[in-house]
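A.B. asks: Predicted model and sequence follow; I will ask about them next.
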Amino acid sequence: MDSNWILQRLQEQQAYLEIPSVAGNPAAVTQAVAWISARFQSLGATQAVQWTEKGGNPVIFAEFAGNSARTVLFYNHYDVQPANLLSEWRSDPFKPKFTADYLIGRGVADDKGDLLSRLTVLEYWQNHGGLPVKVKFMVEGEEEIGSPHVASYVQAHQKELAADLCIWEGGNRDEADNFEIICGAKGVVSFQAQVQTAAQDLHSSLACYADNAAWRLLQALNSLRSTTGEIQVDGFFEGVQALTPAEEATVQAMEFDPITVRKNYGLWRPLMTKNPKEVLINGPTLNISALTAGDARASLKTVVPSQARALLDCRLVPGQDPHHVVQLVARQLERNGYGDVEIQYLQGEAAGRSDLNDPQIQLSYQIAQQIYGQQKVRIILNMAGGGPVTPFLKQLKLPLVMIGVRSAESKIHAPNENLRLQAYQQATVYLSTYLETLARL
């Protein structure tokens, strides 16, 4: 497969990258679904349908015949993060810009680039004797808002989704440019904390005796964590599964260069742990993602806010249940004297991992060594982020592997999201080789 042709096909499919398909934009969602469905049909899908009966944005299912009985299920999503902080973008986020080495635009790495790479592999094989294996696609449109309907669709369509392997979106190259084969995802749960201290906002002169909802909420949240960042919620770590010796060895083999990490993410403060590799893989988190109180739009408004609200999330590891974790936080707040802080569960999904000894995982590793070099490939137990992997692991009982086109500098969810073109080309060649090899087994 010629690298220049791969890049040419990326440029020719740029229209997909221009669709601002944020999950809450119905017109753009419709446009993205139409583009993908038409592309599947043009590539010879035996069926390309939309599932809508379980609610949410449409799920696109497509199936392609192959020259062997092996079947690969691809998971992708067409929704993208909003393109906020426009002043920090170097170009229009939905007018993708090619430079000598990069493609810049919202969604190019997460996850439209992965889908375009896979479509390019399909096109290549359809023009060179047919696909080596049977291929199925499940492409959803709500991943960036927690995939609330995926489990229902997987449950309802287990027969259609049956396969030998699930190839997920989101593979990566790390800070040392090693190709990562990722075997799962952390779980995540999102919830809201809210407190009210008065019937309405008060004049700030009354702060001498009237409690402030903002201070109240800050104190409550501070009680959940030590000054050095340790989570102080009784029972929070119960059930967390210890890593096996083989899993621990895999973690220790990971690359983690603090200097490069701080540069890539623009970190101004020191790292909060001496064991970043371990906590990335098997460390739960307790994070505040937003805080609101008073009228933040006012340039000068002296009030005692009567209400304050925080959005929080926890990244979870195998053995933790999303609902139970939120219950533990609520109980801890009450024990700490903050029973007036109301906790509302929003959404969550459990963590999941494939067995590292699964033959499909080992095959993906062996082929990657051929393409990238024996010393430039790493197996990763799970990504630090989340995704709806559990239905595929538990209900479909599929080994799951994340391989893709992005790299450590791709700026996922941030301004100037990008793809390194060389990484995209090489990942596309790798996927093509993987499917060809799988067919021979």
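C.D. replies: Looks like it arrived, so ask away.

A.B. asks: Return the distance of stretch 1-14 from the chain's centre.
C.D. replies: 25 Å (Cα atoms, centre = their mean, to the nearest Å).

A.B. asks: pLDDT (mean, whole number) over it?
C.D. replies: Mean pLDDT, stretch 1-14: 95.

A.B. asks: Restricting to C-alpha, output it in PDB.
C.D. replies: Below are the C-alpha coordinates for stretch 1-14, written out as PDB (Å, rounded to 0.1, in the frame of the first residue of the first chain):
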ATOM      1  CA  MET A   1       0.000   0.000   0.000                       C
ATOM      2  CA  ASP A   2       1.600   3.300  -1.200                       C
ATOM      3  CA  SER A   3       1.900   6.000   1.500                       C
ATOM      4  CA  ASN A   4       1.300   8.800  -1.000                       C
ATOM      5  CA  TRP A   5      -2.000   7.200  -2.000                       C
ATOM      6  CA  ILE A   6      -3.000   7.000   1.600                       C
ATOM      7  CA  LEU A   7      -2.400  10.700   2.100                       C
ATOM      8  CA  GLN A   8      -4.200  11.500  -1.200                       C
ATOM      9  CA  ARG A   9      -7.300   9.600   0.000                       C
ATOM     10  CA  LEU A  10      -7.200  11.500   3.200                       C
ATOM     11  CA  GLN A  11      -7.300  14.700   1.400                       C
ATOM     12  CA  GLU A  12     -10.000  13.600  -1.000                       C
ATOM     13  CA  GLN A  13     -12.300  12.600   2.000                       C
ATOM     14  CA  GLN A  14     -11.800  16.000   3.700                       C
END
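
A.B. asks: can you pull the buried residues of it?
C.D. replies: Met1, Ile6, Leu7, Arg9, Leu10, Gln13 (16 or more other Cβ atoms under 10 Å). No exception for glycine: its C-beta is placed from N, CA and C like everyone else's.

A.B. asks: try stretch 277-284
C.D. replies: Lys277, Glu278, Val279, Leu280, Ile281, Asn282, Gly283, Pro284.

A.B. asks: so the fifth one is in which element?
C.D. replies: Spelled out, it's Ile281. helix 276-282 (DSSP states H and E).

A.B. asks: Which strands or helices does that helix pack on?
C.D. replies: helix 245-252 (3 or more Cβ pairs under 8 Å, 6 or more residues apart in numbering; DSSP states H and E).

A.B. asks: Distance from the helix or strand just after the helix it packs on to the middle of the chain?
C.D. replies: Downstream of helix 245-252, the next assigned helix or strand under DSSP H and E is helix 258-265. Chain-centre distance of helix 258-265: 20 Å, with Cα atoms, centre = their mean.

A.B. asks: For helix 258-265, C-alpha coordinates in PDB please.
C.D. replies: Output of helix 258-265 as PDB, limited to C-alpha atoms (Å, rounded to 0.1, in the frame of the first residue of the first chain):
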ATOM      1  CA  PRO A 258       7.800  13.800  32.700                       C
ATOM      2  CA  ILE A 259       9.500  16.600  30.800                       C
ATOM      3  CA  THR A 260       7.900  15.700  27.500                       C
ATOM      4  CA  VAL A 261       4.500  15.200  29.100                       C
ATOM      5  CA  ARG A 262       4.600  18.600  30.800                       C
ATOM      6  CA  LYS A 263       5.600  20.200  27.500                       C
ATOM      7  CA  ASN A 264       2.900  18.400  25.400                       C
ATOM      8  CA  TYR A 265       0.200  19.400  27.900                       C
END
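
A.B. asks: ok, and what's touching it?
C.D. replies: Helix 258-265 has contacts (Cβ atoms under 8 Å, 6 or more residues apart in numbering) with Glu175, Ala176, Leu267, Leu271, Pro276, Ala408, Glu409.

A.B. asks: what's the average pLDDT for that helix?
C.D. replies: 88.

A.B. asks: dump the residue contacts of Ala196.
C.D. replies: For residue 196 the amino acid is Gln, not Ala. Gln196 neighbours (Cβ under 8 Å, 6+ apart): Ala213, Ser306, Gln307, Asp340.

A.B. asks: and with 10 Å instead?
C.D. replies: Neighbour list for Gln196: Ala213, Arg216, Leu217, Pro305, Ser306, Gln307, Ala308, Arg309, Asp340, Val341, Glu342 [criterion: Cβ atoms under 10 Å, 6 or more residues apart in numbering].

A.B. asks: hang on, the second one in a helix?
C.D. replies: Yes. With DSSP: H, G, I helix; E, B strand; the rest coil as the criterion, Arg216 is located in a helix.

A.B. asks: start the count at 56, not 1, going forward
C.D. replies: With 56 as the first residue, the last one maps to Arg271.

A.B. asks: Assign the residue lying closest to it once chain neighbours are set aside to helix, strand or coil.
C.D. replies: Nearest non-adjacent residue to Arg271, counting by Cβ to Cβ, 6 or more residues apart in numbering: Val250, 5.2 Å away. Here Val250 is recorded as strand under three-state DSSP.

A.B. asks: Contacts only, for Val250.
C.D. replies: Val250 is in contact with 266, 268-275, 348, 360-365, 388, 393, 395-397, counting by Cβ under 10 Å, 6+ apart.
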